[in-house]
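[1] here is a sequence with its predicted model. Questions after.
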Amino acid sequence: KSGKPLRLKKGFDPSAPDIHLGHVVGLRKLRKLQDLGHQVVLIVGDWTAQIGDPSGRSATRPMLSAEEVMANAETYMAQLFKVVDKEKTEVRWQTEWFGNFTLADVIRLTSRFTVAQILKRDDFAKRYEADQPIAVTELLYPLLQAYDSTVVEADVEFGGTDQRFNNLLGRELQQMVGQRPQQVMLVPILVGTDGVQKMSKSLGNYIGVDEPPDDMYGKAMSISDDHIVNYFELLTDVPEEELGAFRSEMRQGSTNPMDLKKRLSRDLVSQFHGEREADEAQGHFEQVIQRREAPQDMPQLEISFGAPASGPNSDVVAVDGGGEIKVNVVKLVVQAGFAASSGEARRLLQQGAVQVAGRRLTADDVVVPVTPGTTLRVGNRRFIRIVDSG
């Protein structure tokens, strides 16, 4: 009504380099408000990321070096601008104001709040009652986030529901310094692909915005049926009327959840990669997962089938007395990039996740025969074809 664009504050701590669909929920709201003419102010928490904030994790997040924070921030922002319009975003770094903070500044800031106020934050209260450690640096974090709002004169701050306390503290501090208190818009926490806990890289239940189309599509297809409509609501532009129909059909059992998940998966891949990539990802899923066929365009791993074996994969290959070529599956899985270590490769073998030439291997199948063209498969989506380097 005033005709004045609102300043929409969104802060992020580059404590990890990648963002996932859980972050996208709030970013989509910011983009829509940008398109309506409002100003997004993105605060890079390059200072607070070096302190750590549990955000409901009930554990102290490790401190990061300035170099680690900068590297993470660059990757994070490149992915963030896949959703938010970069040209309409004001980017601010906390070191602009906290870089010159003195001890006197810190004391003045802390004098405005009491320990009792800070301990009202749910995760702090629970840890205090359980006699779990809370670092003084963690208690400072909400105050620093609140101070950010006064610097950029935020009209609205965005965050997940786990940021409620921190966002509201910004309102209080703004009033103390004579500013109009910011409004707070909290968005729901997206449940991860496990269907239980919030989406998180540390829990492994995430879908990253920078993941390849096939992986993004496949992970979206793995979400539980109970959360299909929730994903549509939080991550797509499907109209509310249609969402209501989805809910009704799911309750009545009149629709196949697989069909809805395919539509959802295709929508997500289209947003981040494009229509053609979404078509290809769906075709890949139907071929590899539904029909259990090997993809035609899988990558290749070269090994020497000569005797004696030579080259970079010589420790993977052995030639027996009859001239048969055999491979060490554990080393092969690592060499293919499907496991970071031999220990991880052995676990995959024990779990029955490894197939060679279409045969599912067991923990006893450490050495198996191969021929040029043999396919190695790990899990549902990772394939590689073994070829003769000669």
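    Yep, it's here.

[2] CA atoms for contacts and neighbours, from now on please.
    Noted.

[3] look at Asp53 and report its pLDDT.
    Asp53 is assigned 49 on the pLDDT scale.

[4] again, but for the one 5 residues further on
    With respect to pLDDT, Ser58 has a value of 45.

[5] show me where the stretch 101-250 of the chain has strands.
    Secondary structure of the stretch 101-250 of the chain (DSSP state E, counting those that start in this stretch): strands at 156-160, 183-187.

[6] most tightly surrounded among those?
    For the strands of the stretch 101-250 of the chain, the largest average neighbour count (mean count of other CA atoms under 10 Å) is found in strand 156-160, namely a mean of 21.

[7] that strand vs strand 183-187, what angle?
    20 degrees (axes from the mean of the first three to the mean of the last three CA atoms, to 10 degrees).

[8] pull up the pairing partners for strand 156-160, direction included.
    strand 7-12 (parallel), strand 183-187 (parallel) (DSSP bridges).

[9] how about residues contacting the shortest one?
    Counting contacts by CA atoms under 8 Å, 6 or more residues apart in numbering, the residues outside strand 183-187 that touch it are 25-26, 155-161, 163-164, 167-168, 171.

[10] can we see that at 7 Å?
    25-26, 155-161, 167 (CA atoms under 7 Å, 6 or more residues apart in numbering).

[11] out of those, what pair is the most spread apart?
    Of all pairs drawn from these, the widest gap by CA to CA lies between Val25 and Asp155 and measures 19.8 Å.

[12] would you point out the helix or strand in this structure whose mean pLDDT is lowest?
    strand 317-319 (a mean of 59; mean pLDDT, DSSP states H and E).

[13] which is the next helix or strand following that strand?
    strand 325-328 (DSSP states H and E).

[14] quick check: buried residues in that next one?
    Buried residues in strand 325-328, counted by 16 or more other CA atoms under 10 Å: 325-328.

[15] those into a markdown table, with extra columns for distance to Gly11 and pLDDT?
    A markdown table is the format used below for the buried residues of strand 325-328 (distance: CA to CA, whole Å; pLDDT from 0 to 100):
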| residue | distance to Gly11 | pLDDT |
| --- | --- | --- |
| Ile325 | 56 | 77 |
| Lys326 | 54 | 79 |
| Val327 | 50 | 81 |
| Asn328 | 48 | 84 |
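
[16] quick check: the farthest pair among those?
    Ile325 and Asn328 (10.4 Å).

[17] end to end on stretch 92-107, go ahead and measure it.
    Length of stretch 92-107, first residue to last, CA to CA, to the nearest Å: 24 Å.

[18] show me which residues of that stretch are buried.
    92-94, 98.

[19] which residue packs closest to Gly379, ignoring adjacent ones?
    Ala353 (4.9 Å; CA to CA, 6 or more residues apart in numbering).

[20] residues near Val24, how many?
    Per other CA atoms under 10 Å, the neighbour tally for Val24 reads 20.

[21] which one, of the strands of the stretch 101-250 of the chain, ends up nearest to Ser265?
    Of all these, strand 183-187 comes closest under CA to CA, at 21.6 Å.

[22] tabulate the CA atom coordinates of the closest one in PDB.
    Extracted C-alpha coordinates of strand 183-187, given in PDB (Å, rounded to 0.1, in the frame of the first residue of the first chain):
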ATOM      1  CA  GLN A 183       8.000  -9.100  10.500                       C
ATOM      2  CA  VAL A 184       9.000 -12.800  10.400                       C
ATOM      3  CA  MET A 185       8.000 -15.300   7.800                       C
ATOM      4  CA  LEU A 186       8.800 -18.900   8.800                       C
ATOM      5  CA  VAL A 187       8.500 -21.700   6.200                       C
END
